[in-house]
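Visitor: Build the 3D model from these lines:
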Amino acid sequence: MGDLSRRGFISLGAALGFVGVAEGVAPSWSWASTGSIAGSATYADPQWVWDDRIDAIMKSVLDNGQVSAVNTAIRPWVDNSDPLPTGLPADLTAYLQDVNQLPEWADMDKLTLAADFNRRKDTYLFALYSVGSGIMSTVIPREAKSVYWSKGGADMQDRAAKTFTFGYDLAQLHAFEPQGQFIVTANKTRMVHAAVRHLLPQLPQWREGATENDQIPISNGDILVTFHSLGTFVHKKFKEWRIPMTAAEEEAFLHSWQVAISLLGVQDRFIPQTWADAHAQAAQVLTPILAPTAEGNSLAETLLGLTAQVDLGVTRGFLNEFVRYTLGDQVSNWLGLRRDYVSAALIKTAWPAYIAFREGTINVLPGSYYMFDQFVRALAMAFLNGGESGQTTPIEIPDMNRPS
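Guide: Next up, the predicted model:
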């Protein structure tokens, strides 16, 4: 996987947008916030908590026609050590001065271990974040609808290339250090979220899909849903697939996600403290809301079609069956994925052998080894800059919803 470089890691899951939006019919919030990193009891529902300061700033940017100027200013702002961009509105500069840093509770030793863990497990992470988390996002109804009706929904390959940056920068070995890029990437993503919160409620097609028309997308609760479809889902699958993890690695992997969603504006009282807390929260806010939508089915078909077009020996039938192997029959049936029983039998027996060989628990090279390496390569080539560049595409502030 190393030769995939900057286009070779995480994630169609991020590509579909680290813009999580949970279905309006989700059950009432009852997760015990004593299991949060804040550790204090609270009864506030994160579905009704947004990001007020940056929301007001980005509304002003959009209303005053400053999007192009802001995008030009932030384009060369890449590394965590870079000075803040010049040419921004004064209130945006003041905001970035306050938030362009790690939370005070961040543990650099854990973040370093998490980055090393990501590097060593990159093949499994990419497979899970793409055909697992990414396709799961198309059956999170409000997420699928919001992605579809946003500006990037009309060109999913371009959207994938742009939003891939979040996942890749999170997984860099020095992601949170001065030479890394994740803190900057998170702040750009937070600005994008604020812009989408202003734009989408103006669109009748989006409002028609909301249970409450005055609800604003991408709340703290929505971002938590997306975290669970990414980090918590991956943790669960690693356990199911018997991919070795030390207790310290599990804790570090969670910590990197805790920091990531904190940098996106999720309040400490909602961020799970342990994996047990995370899985309990996911059982309430993610699992019950999964359902098919017309928008989600369209997005899934587009994304799976892009992968099948890459000439690296990955058939659409094989891709369909890997989705089914990863997400199960219900999601696959919702998406109308046609069966390929030959591929299904191969994946069921060969993927565990592939993992076992990579982890050193068997010494015989499986005949399927090269095929699975090509499969992961195909996922990367399909979505990351169209497979034509080793650079991720800059994150930009949208100035409109989906073009008609």
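
Visitor: which regions of the stretch 251-400 of the chain sit below the pLDDT cut-off?
Guide: 307-313, 380-393 (pLDDT under 70).

Visitor: can you do 90?
Guide: Across the stretch 251-400 of the chain, the ranges flagged by pLDDT under 90 are 299, 301-316, 362-395.

Visitor: Now do the helices in it.
Guide: Taking DSSP state H, counting those that start in this stretch, the helices of the stretch 251-400 of the chain run over residues 275-285, 294-309, 316-327, 329-334, 341-358, 369-383.

Visitor: What lies in contact with the fifth one?
Guide: Contact partners of helix 341-358, identified using CB atoms under 8 Å, 6 or more residues apart in numbering, comprise 123-124, 241-243, 315, 317-318, 320-322, 324-325, 362-369, 371-372. Every residue, glycine included, has its C-beta placed from N, CA and C.

Visitor: can you check the third one too?
Guide: When contacts are taken as CB under 8 Å, 6+ apart, the neighbours of helix 316-327 outside the stretch itself are 127-128, 131-132, 135-136, 237, 304-305, 307-308, 331-332, 335, 337-340, 342-344, 346-348, 351, 375.

Visitor: Of the contacts of helix 341-358, just the buried ones, PyMOL syntax please.
Guide: Remark: buried members of the contacts of helix 341-358, expressed as a PyMOL selection using 16 or more other CB atoms under 10 Å:
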select buried, resi 123+124+241+243+317+318+320+321+322+324+325+366+368+371+372
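
Visitor: for the helices of the stretch 251-400 of the chain, which one sits closest to Trp77?
Guide: helix 369-383 (24.2 Å; CB to CB).

Visitor: Tell me how this protein divides into domains.
Guide: Segmentation of the chain into domains, based on automatic domain parsing, reads 2-26+35-289, 294-387.

Visitor: Run the chain-centre distance for the shortest one.
Guide: In this view, domain 294-387 has its centroid 19 Å away from the chain centroid, taken as CA atoms, centre = their mean, to the nearest Å.

Visitor: before we move on, the earlier item: any chance of the helices of the stretch 251-400 of the chain in CSV, plus distance to Val266?
Guide: Output for the helices of the stretch 251-400 of the chain, formatted as CSV (distance: least, CB to CB, whole Å):
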stretch, distance to Val266
helix 275-285, 12
helix 294-309, 24
helix 316-327, 25
helix 329-334, 26
helix 341-358, 32
helix 369-383, 26
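
Visitor: Of all those, which one is nearest Ser81?
Guide: helix 369-383 (27.7 Å).

Visitor: can you pull the contacts of Val70?
Guide: Contacts of Val70 (CB under 8 Å, 6+ apart): 61, 88-89, 92, 191, 397.
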